[in-house]
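> Predicted model and sequence follow; I will ask about them next.
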Amino acid sequence: PMTHPKMINEALQPMIEDEKILVTNLLGQINGNNEFENRNCIKVVCDLQSNALFFSREPIPTRSKSNKVPFGKQVCIIPFRRDFLLEYTQMQPTPLEIVESIDMLRILEHGMKVKLVPTQYDTHAVDTEKDRHHVEKLLANDPVTSLYCDQN
């Protein structure tokens, strides 16, 4: 929920500009320590070219110097090139993917790249009943939601 339509364009733009990019994943900002500690928030660190190095449900990178390296949270708008998506579905699940329960790790463990694309839009995952109540309140006043919902 709370996905802004422009996020789709953000995620696709690098693939339009560079045909070598097989998959992108939006990268959001982590909003506070609660989100950083939340196992339902998938943290990601990236290299200097904005490719994912690792995804984890645990807090990464280390808290002591985390303002020195690029990191954020996974925002699950993940476009694939068609041929690569077909290839991905045939890849065997990998040990880190299984341990972390994060499908993007399958790509990294098979030696391929996931291009991370920063987004300016905030998102809210719904993993618990508390999350659902919070997002329902946000949706009630969300201007984008009102464009798509019947006002009668």
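Cool, got the structure.

> Can I get whichever strand or helix holds residue 105 in CSV, CA atoms only?
Per DSSP states H and E: residue 105 is located in helix 104-109. Once non-C-alpha atoms are left out, helix 104-109 reads as follows in CSV (Å, rounded to 0.1, in the frame of the first residue of the first chain):
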residue,chain,number,x,y,z
MET,A,104,16.6,-11.1,-4.4
LEU,A,105,19.5,-13.0,-2.7
ARG,A,106,19.0,-15.7,-5.3
ILE,A,107,20.1,-13.3,-7.9
LEU,A,108,23.2,-12.1,-6.0
GLU,A,109,24.2,-15.6,-5.0
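
> how about that helix: buried residues?
By neighbour count with 16 or more other Cβ atoms under 10 Å, helix 104-109 contains the buried residues 104-108. All C-beta atoms are positioned from the backbone trio N, CA, C, and that covers glycine.

> Listing request: residues of this structure with sub-threshold pLDDT.
Of all residues in the chain, those with pLDDT under 70 make up the ranges 1, 65-70, 150-152.

> Show the residue spans covered by the strands in it.
For the chain, applying DSSP state E gives strands covering 24-28, 43-46, 52-56, 71-75, 115-118.

> For the last one, which residues meet the burial criterion?
The reference is to strand 115-118. Buried residues in strand 115-118, defined by neighbour count with 16+ other Cβ under 10 Å: 115-117.
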